[in-house]
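# curious how this folds, go ahead:
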Amino acid sequence: MAVELDLERRQMIEEVLNALGNWKRLAALEQITKGVPAKDIHKNIDASRSGVQHFINDFKDAELVREEDGTYELTAKGEVVVQMLTDLDDEFEEFERERFRGLAHESSLSIEEMEKMLEEVKQDRGE
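Presented below is the predicted three-dimensional model:
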C-alpha cells in the first residue's frame, strides 16, 4: 500500500498522532467524549491536573476539541478521529478473536473455551 499525502495532511496527521501519543491521552479524550468535566478527568485516568491540561491543550492545538461554556467537546475533526479510533479498536478486537481461534485450533482447547478466556481477559482489563 502506497501512502501519498501532501505536506499539509502529513502535518495534520502528525499533530493528531502527537496529541494521542499514549494511553493516558487516549483515556483523557475518551473522558471528554463522555462529557466528564476537565477538572475531574485526572481522577479517572491517574494523571495530574496539569498533565491533563497539557493533553487538552494538545487536543485543542490539533483541533480535536474546543472549549464551550467551560467544558470541552469534540470538533468535527475530533469526531472523525474518535470514529477512526473506535473502528481501529473493533478491528483489533477481531484480530484478537482470530488469533485466539488460531490458538484454539492448534491447542486442545475448543474455540468456545478460548473465547471464554478472551472474555475473562477483557473483564480483567475492565473493558
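# could you list the domains of the chain?
The chain breaks down into these domains under automatic domain parsing: 7-74, 82-125.
# just say which of these is most tucked in.
Ranked by mean neighbour count, the domains of the chain are led by domain 7-74 with a mean of 16 (mean count of other CB atoms under 10 Å). Where C-beta positions appear, they are placed from N, C-alpha and C, glycine not excepted.
# least reliable of the domains of the chain by average pLDDT, please.
Between the domains of the chain, the one with the least mean pLDDT is domain 82-125; it has a mean of 79.
# show me where this protein has helices.
7-19, 23-33, 38-45, 49-61, 76-106, 111-125 (DSSP state H).
# distance between the last one and the chain's centre?
Meaning helix 111-125. Its chain's C-alpha centre and that of helix 111-125 lie 21 Å apart, by CA atoms, centre = their mean, to the nearest Å.
# repeat for stretch 34-47
Using CA atoms, centre = their mean, the offset of stretch 34-47 from its chain centre is 15 Å.
# what comes into contact with it?
24, 27-28, 31-32, 48-49, 51-53, 55-56, 71-72 (CB atoms under 8 Å, 6 or more residues apart in numbering).
# can you rerun that using 7 Å?
Lys24, Ala27, Ala28, Gln31, Ser48, Arg49, Gly51, Val52, Ile56, Thr71, Tyr72 (CB atoms under 7 Å, 6 or more residues apart in numbering).
# again, but for stretch 63-74
Residues from elsewhere that reach stretch 63-74 (CB under 7 Å, 6+ apart): 16, 19, 29, 32-33, 37-38, 56, 59-60, 75, 77-78, 81-82.
# repeat that with 10 Å
If you take CB atoms under 10 Å, 6 or more residues apart in numbering as the criterion, stretch 63-74 is touched by 12, 15-16, 19-20, 28-29, 31-33, 35-39, 41, 55-60, 75-83.
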